[in-house]
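Chemist: Using only what follows, build the 3D model:
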Amino acid sequence: MAKGLNIKDYPSSFFHRTSSFCYKLILVLSKKMTDFFEFESDFVDSLRCIPMIVRMKLDTCGVKLKLNHWYQFSEAERKTLVNLPCTTEQESQEYRQYLQQKVIEKTGKPAGELAIDSQPAWEVVENIPVEVSNKAAETGRKITQQQWADLTNIQRFALIKLSRSSHENKNFLPALQEFNLI
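Modeler: Sure thing, here's the model as predicted:
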């Protein structure tokens, strides 16, 4: 098993929900952590900030996790949230249940909810979101439709998040470089 992760961190009721989810959790706990983006390297060792992979899962499962929630999780719980799958509808529901259970354990109440987009922008390869094009233009760059289509979902997600005015945008240019767009 991965260092710092312990089955005892999970209540027994959690393991009785679905055997397939338990199997996935055991697989996750025994694997190394997911790769992170280079532009996240200043905080991924400690997981002091919510990495893009978790932020994408939050949007996928419809949970508005606040940074103060994140700070209350143990390192093992943070790593679990990084590694648990959240791609299918069932995985998304299981991820949501696990996450909300952890938030309730820590705070006494669930995290807020987000609307789940049935066609998230990061899955649409035909159109570059306006905020991404505008942010690229601010840096003197242009992303072509082909470049956008060649990115992975998580790369497109990261660029969308990094281009929003409500987000600290210092990593937008490093992300463009990392994704070989400039």
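Chemist: For the spatially most central residue of the chain, which non-adjacent residue is closest in space?
Modeler: Nearest to the mean C-alpha position of the chain, by Cα atoms, centre = their mean, lies V54 at 2.0 Å. Residue nearest to V54 in three dimensions, not counting chain neighbours: L81, with 5.3 Å by Cβ to Cβ, 6 or more residues apart in numbering. Bear in mind the C-beta positions are built from the backbone N, C-alpha and C, glycine included.
Chemist: Local confidence estimate at the one you found?
Modeler: Note for L81: predicted pLDDT of 96.
Chemist: Next, it: phi, psi?
Modeler: Main-chain torsions, L81, degrees, to the nearest 10: phi -70, psi -30.
Chemist: Repeat that for the one 5 residues further on.
Modeler: Comment: the main-chain dihedrals of C86 come out as phi -150, psi 50, following degrees, to the nearest 10.
Chemist: Any stretches of this structure with poor pLDDT?
Modeler: When residues are selected by pLDDT under 70, those of the chain lie in 1-34, 166-168.
Chemist: just to revisit the earlier point, can you report how many residues lie near the residue nearest to V54?
Modeler: Per other Cβ atoms under 10 Å, the neighbour tally for L81 reads 24.
Chemist: need the contact list for it.
Modeler: By Cβ atoms under 8 Å, 6 or more residues apart in numbering, L81 lies in contact with 54, 57, 73, 99.
Chemist: buried stuff in the longest helix seen in the chain?
Modeler: As assigned by DSSP state H, the longest helix anywhere in the chain is helix 89-107. Going by neighbour count (16 or more other Cβ atoms under 10 Å), the buried part of helix 89-107 is 91-92, 94-96, 98-103, 106.
Chemist: go on, stretch 125-136?
Modeler: 128-129, 131-133, 135-136.
Chemist: What of stretch 64-79?
Modeler: For stretch 64-79, the neighbour count (16+ other Cβ under 10 Å) marks 65, 69-70, 73, 76-79 as buried.
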